[in-house]
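>>> task: produce atomic coordinates for the following.
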Amino acid sequence: MLVRIANGGICGSDLHCYNHGGFGPVRVREPMILDHEISGHVAALGAGVVGVQLGAMVAVSPSSPCGPCGFCRSGQPIHCSDMCFLGSAMRTPLVQGGFADYIVCDAAKAVAMAAGVDAAIGLLLLLSARLARAKWWSPTSSTSRSPSPLRSAPTIRSTSGGRAGCAGRL
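A predicted model of the protein is given here:
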């Protein structure tokens, strides 16, 4: 599927790559397009793609689990030990990100948003709820060793019926 980018988020890893050439042991070794927090409109569909319409607003999941690791084989791909991310310097060759006009993605990674949802909000909803496998209006929690859950707390709260907990490192 071809997605015309409408919005992208700036993550801490993007800032570290831009300002410091990487983060921790991860180094940017060649030019790359940052951003793994993407929303946009479907511009073209590949053969056999169903369930989404041209022009639909989608948020794009940034992660690609490896498949063969123990976590993936046991049905826990969110804990994949060899995860690949859009706009990440963790792999060579680099996986380009969403600070571009268009991105090609697997249709299974595109989450269609309801009509009228702003692209920026759709981006946050995917990050805060969809990847956590949250159901709308169910109690939700988000934890991380980074401050990311704290930044997404307002969105998590709005999608959980006000019953949410977030913990992160400042």
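
>>> okay, now residue 46: neighbour count?
Burial of residue 46 is recorded as 10 neighbouring residues (other C-beta atoms under 10 Å). Quick note: C-beta positions are derived from backbone N, CA and C, even for glycine.

>>> got it, and residue 33?
Counted with other C-beta under 10 Å, residue 33 comes out at 15.

>>> quick check, it in contact with residue 98.
Yes. Residue 33 lies in contact with residue 98 (C-beta atoms under 8 Å); the separation is 7.4 Å.

>>> name the residues contacting each of the two.
Shared contacts of residue 33 and residue 98, defined by C-beta atoms under 8 Å, 6 or more residues apart in numbering, are found at residue 87.

>>> pull out the buried positions in stretch 62-78.
For stretch 62-78, burial by neighbour count (16 or more other C-beta atoms under 10 Å) applies to 62, 64-65, 69, 71-72, 77.

>>> name the residues that touch that stretch?
With C-beta under 8 Å, 6+ apart, stretch 62-78 has contacts from 36-38, 79-87, 106, 109, 131, 133.

>>> what about it, distance to the chain center?
16 Å (C-alpha atoms, centre = their mean, to the nearest Å).

>>> dump it to PDB, keeping only the CA atoms.
The C-alpha atoms that make up stretch 62-78 are tabulated as PDB, following Å, rounded to 0.1, in the frame of the first residue of the first chain:
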ATOM      1  CA  PRO A  62       6.200   1.200  12.800                       C
ATOM      2  CA  SER A  63       7.200  -2.300  14.000                       C
ATOM      3  CA  SER A  64       7.900  -5.500  12.100                       C
ATOM      4  CA  PRO A  65       8.500  -8.500  14.300                       C
ATOM      5  CA  CYS A  66      11.000 -11.000  12.900                       C
ATOM      6  CA  GLY A  67       8.700 -14.100  13.100                       C
ATOM      7  CA  PRO A  68      11.200 -16.900  14.000                       C
ATOM      8  CA  CYS A  69      12.300 -15.700  17.500                       C
ATOM      9  CA  GLY A  70      10.800 -17.400  20.600                       C
ATOM     10  CA  PHE A  71       8.500 -14.500  21.400                       C
ATOM     11  CA  CYS A  72       7.100 -14.400  17.900                       C
ATOM     12  CA  ARG A  73       6.600 -18.100  17.700                       C
ATOM     13  CA  SER A  74       4.700 -18.000  21.100                       C
ATOM     14  CA  GLY A  75       2.300 -15.400  19.900                       C
ATOM     15  CA  GLN A  76       4.000 -12.400  21.600                       C
ATOM     16  CA  PRO A  77       5.400 -10.500  18.700                       C
ATOM     17  CA  ILE A  78       5.300  -7.200  20.600                       C
END
